[in-house]
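> sequence unknown, structure follows:
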Ligand SMILES: *Cc1c(COP(=O)(O)O)cnc(C)c1O
């Protein structure tokens, strides 16, 4: 059986144009800063966000962890939304690598209330850790691919920066947020001291993410990438695909958003699940399994038998992600399978 794979946008295969660019890429040793293709990708990323510099890293996780190391000192406190990827799904890296204590706050569909965040910032006191970083996820994966509205993010960012915090955007799906909301990348970037975005998710590159910030911070980030073992040699081979991703794969994300919306609307009325259509803003559909005797694992197994692959976000939460390698026929198949199972 061939599967319609909605587990994640990370399963996307590189395009023919990417494979050609990879085959023909000019390369050098990037640890010596001699890879012209990596340099081009880093310049392109910085330019797109209106920031000074960028660093090519092997994964989004490494980009987020470098940012945490960059903006904080061991023993500081970081504020994150309680279902943030960096808190839930990065193997405890904030504590393990950066030595941070994590203060979690519940958001509304992944969006934090500035008043609650301000309340959580520690005052100077010998008993308190220093709160030095706010980490914002855009789009918010667990919440269902929800967008940080630029007006709200500006208010939040101003509020915490006034108190000396830095702001990092975990933008694994940053371009989905830009395309779906019509917000310019530079407007989001202006709210942050650093932004990480993935090339390897909806943009369909095989490997890699970008960390974007000021020149000075990126110079330091390069050292941090090395200590984490992320210095790569002829990385232009993969950076070449990243350039194609940024140049040609951003606008088409709108198609993924349209398909996610159609999928969600077609299943929202099923009695065996609970789906908040307001969360379906980009390419992710999440729903809670409410049917008696079922949980995410059992539903995922039944969908698989119908040829549809999905993933779970929690014991009772199923996630489907649209991307370049699932088309309208795959969406029809997913709708039919879910309507059969739930
Ligand atoms: C996937 C993801 C990451 C991590 O990216 P990897 O390249 O898989 O390490 C970080 N944050 C969010 C929100 C993600 O969805």
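Nice, I can see it. Remember, predicted model here, so these are calculated numbers, not experimental data.
> does the residue nearest to residue 53 when sequence neighbours are not counted sit in a helix, a strand or a coil?
Sequence neighbours aside, residue 218 is the residue nearest to residue 53 in space, at 3.8 Å (criterion: Cβ to Cβ, 6 or more residues apart in numbering). Yep, even glycine has a C-beta here, placed from its N, CA and C like the rest. Secondary structure assignment for residue 218 (DSSP: H, G, I helix; E, B strand; the rest coil): helix.
> the ligand versus residue 218, what's the distance?
Between residue 218 and the ligand the distance is 19 Å, computed by Cβ to the nearest ligand atom, to the nearest Å.
> tell me the contacts of that residue?
Applying Cβ atoms under 8 Å, 6 or more residues apart in numbering to residue 218 gives the contacts 52-55, 211-212.
> what about 7 Å?
Listed by Cβ atoms under 7 Å, 6 or more residues apart in numbering, the contact set of residue 218 reads 53-55.
> closest to the ligand out of those?
residue 55 (14.1 Å; Cβ to the nearest ligand atom).
> the closest one and residue 222 touch, don't they?
Yes: with contact defined as Cβ atoms under 7 Å, residue 55 counts as touching residue 222 (6.0 Å).
> give me the number of residues near whatever residue of the stretch 101-250 of the chain ends up closest to the ligand?
Residue nearest to the ligand within the stretch 101-250 of the chain: residue 172 (3.2 Å; Cβ to the nearest ligand atom). Neighbour count for residue 172, taken as other Cβ atoms under 10 Å: 28.
> mark which of the contacts of residue 218 are part of strands, please.
Using DSSP state E, the members of the contacts of residue 218 that fall in strands are 53-55.
> which among the residues you listed gets closest to residue 234?
For the ones in strands among the contacts of residue 218, the residue nearest residue 234 by Cβ to Cβ is residue 55; the value is 16.8 Å.
> ok, now how distant is the closest one from residue 174?
Counting by Cβ to Cβ, to the nearest Å, the gap from residue 55 to residue 174 is 15 Å.
> residues of this protein that sit close to the ligand?
Applying Cβ under 6 Å from any ligand atom, we find that the chain lies next to the ligand at 59-61, 64, 85, 137, 141, 170, 172, 198, 200, 209.
> wait, residue 186 touches residue 46, no?
No: if you go by Cβ under 7 Å, residue 186 and residue 46 don't touch, sitting 10.6 Å apart.
> neighbour-wise, which of the two wins?
residue 46 (21 against 13).
> skip the chain neighbours and tell me the closest residue to residue 88.
Residue 88 sits nearest to residue 142 (Cβ to Cβ, 6+ apart), 7.1 Å away.
> ok, now residue 94?
Spatial nearest neighbour of residue 94, excluding adjacent residues (Cβ to Cβ, 6+ apart): residue 100 at 4.6 Å.
> and the strands in the stretch 101-250 of the chain?
With strands called from DSSP state E, counting those that start in this stretch, the stretch 101-250 of the chain shows them at 101-105, 131-137, 166-171, 194-198, 209-213.
> mean confidence score for the first one?
In this case it means strand 101-105. Averaging pLDDT along strand 101-105 gives 98.
> then the third one?
Mean per-residue pLDDT for strand 166-171: 98.
> give me the contact list for it.
For strand 166-171, using Cβ under 7 Å, 6+ apart, the contacting residues are 64, 67, 71, 84-86, 132-138, 157, 160-161, 188, 191-197.
> what do you get if the cut-off is 8 Å, keeping everything else the same?
Residues contacting strand 166-171 (Cβ under 8 Å, 6+ apart): 60, 64, 67-68, 71, 84-86, 132-138, 157, 160-161, 177, 188-189, 191-198.
> re the thing from before, any idea how far the residue of the stretch 101-250 of the chain closest to the ligand lies from residue 321?
Per Cβ to Cβ, residue 172 is found 12 Å from residue 321.
> and residue 253, what does it touch?
When contacts are counted by Cβ under 8 Å, 6+ apart, residue 253 touches 175-176, 179-180, 202-203, 282-283.
> looking at this structure, which residue is nearest the ligand?
Residue nearest to the ligand within the chain (Cβ to the nearest ligand atom): residue 60, separated by 2.4 Å.
> ok, that residue touching residue 195?
No: counting by Cβ atoms under 8 Å, residue 60 sits too far from residue 195 to count as a contact (11.3 Å).
> re earlier: shouldn't the residue of the stretch 101-250 of the chain closest to the ligand be in contact with residue 61?
No: the criterion here is Cβ under 8 Å, and residue 172 misses it with residue 61 at 9.2 Å.
> now for those two: what residues contact both?
Common contacts of residue 172 and residue 61 (Cβ under 8 Å, 6+ apart): none found.
> low-confidence ranges in the stretch 101-250 of the chain?
Regions of the stretch 101-250 of the chain meeting the criterion pLDDT under 70 are absent.
> relative to residue 207, how far out is the residue found closest to residue 250 once you drop the neighbours it is linked to in the chain?
Excluding its sequence neighbours, the residue lying closest to residue 250 (Cβ to Cβ, 6+ apart) is residue 175, at 4.9 Å. Using Cβ to Cβ, residue 175 is found at 17 Å from residue 207.
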